[in-house]
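# heads up, no residue letters with this:
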């Protein structure tokens, strides 16, 4: 007898399918390149695999010495979030630098214009 | 040697007069970089007959210094000397920086007398030196001192990207990167209630450290 799917598995699958739809729509609208779409789809398939085969995640995490699959998922999520935040901060710093360069250039140009008067 | 004295200023209308009066007794050209002040800093400076460059809005100490450096390079100066607009540095001591430049130094940092510093400033100074040296290499130097001289030929090789207080450390990091010779000269600093209120506090120090960490990543 096959096991009944858990409510959480259905919800997570629905989220993944909505994600697939969004990525494919953006591909059709040429807002995303094929390379990044393949990465998203591949990530989504791995995600669905772990949702429907939780033992796979558990055995993988035990090989890594973590214990439960859900623990591994939390650790990976934290690492990914840290990396994402770092990237955002670095991008913000670059934007700050660009704004400073603009402000500085404008100030020097205005000074030059005034000194010519 | 053609030298430009750069005075970064933000809302210093009350303090900058004494600095400019003291500076004008020297023979050097003076540039005040008004970093988007909401008071009459720029007008006060202009009334003293010095060059003024004004930022559209406030961008921080690093931005003001970068503007001053760009001005010096564009106008073919040989060296830049920077000092604070709040009156804590003594313009008379500029001669020490010129002597160090004449000896061949590329970057000259004013080393503040530690015993004259309030305890909290001593701690900040030690932390600043440790963090700067730890992240970017180079010797332990009074990295947060605002009284410094830089040769323009070396400035052209710098890639300064920060906008706020962390520029002081970034200057030393860049000097280390391009292999510039760095010398320290002793300076006196007048710590007043006003100058203490304008300097780096604990939280600004933390922000500076965070930005330096990001800079070391990028």
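Good, I have the coordinates. Quick caveat, the model's predicted, so the values are computed rather than measured.
# enumerate the residues of chain A near chain B.
Contacts of chain A with chain B, taken as C-beta under 8 Å from any C-beta of the partner chain, map to A:86, A:89-90, A:93-94, A:96-97, A:99-101, A:103-104, A:106-108, A:110-111. Backbone N, C-alpha and C define where each C-beta goes, glycine included.
# separation between residue A:69 and chain B?
Applying C-beta to the nearest C-beta, to the nearest Å, the value for residue A:69 to chain B is 31 Å.
# tell me the contacts of the nearest residue to that residue once chain neighbours are set aside?
In this structure, residue A:69 finds its nearest non-sequential neighbour in residue A:57, 3.0 Å apart by C-beta to C-beta, 6 or more residues apart in numbering or on different chains. Contacts here follow C-beta atoms under 8 Å, 6 or more residues apart in numbering or on different chains; on that basis residue A:57 touches A:50, A:69-70, A:72-73.
# same thing with residue B:6?
Here residue B:6 is in contact with B:31, B:33, B:65, B:68-69, B:71-72, B:80-82 (criterion: C-beta under 8 Å, 6+ apart).
# next secondary structure element downstream of the host helix or strand of it?
Applying DSSP states H and E as the criterion places residue B:6 in strand B:3-9. Counting by DSSP H and E, the next helix or strand C-terminal to strand B:3-9 is helix B:16-24.
# ok, residue B:105 - how many residues close by?
22 (other C-beta atoms under 10 Å in any protein chain shown).
# name the nearest residue to it, sequence neighbours excluded.
Closest residue to residue B:105 apart from its sequence neighbours, by C-beta to C-beta, 6+ apart: residue B:183 at 3.8 Å.
# thought that neighbour was touching residue B:111?
No: applying C-beta atoms under 8 Å, one finds residue B:183 not in contact with residue B:111, separated by 9.6 Å.
# longest helix in chain B, by number of residues?
helix B:119-136 (DSSP state H).
# from the chain's centroid, how far away is it?
Averaged C-alpha coordinates place helix B:119-136 at 16 Å from its chain's average position (C-alpha atoms, centre = their mean, to the nearest Å).
# in which helix or strand would I find residue A:111?
Using DSSP H and E, residue A:111 falls in helix A:69-116.
# how about the helices in chain B?
B:16-24, B:41-47, B:61-74, B:94-102, B:119-136, B:152-155, B:167-178, B:193-198, B:202-217.
# near chain A, anything from the third one?
Spelled out, it's helix B:61-74. Yes: Helix B:61-74 reaches chain A (C-beta under 8 Å from any C-beta) through B:62-63, B:66-67, B:70-71, B:74.
# buried subset of these?
The neighbour count (16 or more other C-beta atoms under 10 Å in any protein chain shown) marks B:62-63, B:66-67, B:70-71 as buried among the residues of helix B:61-74 next to chain A.
# turn the residues you listed into TSV, columns for pLDDT.
TSV is the format used below for those (pLDDT from 0 to 100):
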residue	pLDDT
B:62	96
B:63	97
B:66	98
B:67	98
B:70	97
B:71	98
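# these: which two are farthest apart?
B:62 and B:71 (14.9 Å; C-beta to C-beta).
# tell me how many other residues crowd the residue nearest to residue B:217 when sequence neighbours are not counted.
Distance criterion C-beta to C-beta, 6+ apart; nearest residue to residue B:217, sequence neighbours excluded, is residue A:90 at 6.5 Å. Burial of residue A:90 is recorded as 14 neighbouring residues (other C-beta under 10 Å).
# so for residue A:90, what's the pLDDT?
On pLDDT, residue A:90 comes in at 90.
# what does the one 10 residues further on give?
With respect to pLDDT, residue A:100 scores 97.
# and what of the one 10 residues further on?
Residue A:110 is assigned a predicted lDDT (pLDDT) of 95.
# now tell me which helix or strand of the chain has the poorest mean pLDDT.
All of this refers to chain A. helix A:54-63 (a mean of 84; mean pLDDT, DSSP states H and E).
# sorry, I should have been clearer: chain B.
helix B:193-198 (a mean of 68).
# the longest helix of chain B vs helix B:167-178, what angle?
Counting by axes from the mean of the first three to the mean of the last three C-alpha atoms, to 10 degrees, helix B:119-136 points 30 degrees away from the direction of helix B:167-178.
# quick one: helix B:119-136 near chain A?
No: Helix B:119-136 is not in contact with chain A by C-beta under 8 Å from any C-beta; minimum separation 14.8 Å.
# only the buried residues of that helix, if you could.
Those would be B:121, B:124-125, B:128-129, B:131-133, B:135-136, for helix B:119-136 by 16+ other C-beta under 10 Å.
# stretch B:138-156 too?
Those buried within stretch B:138-156 under the rule 16+ other C-beta under 10 Å are B:138, B:141-152, B:154-155.
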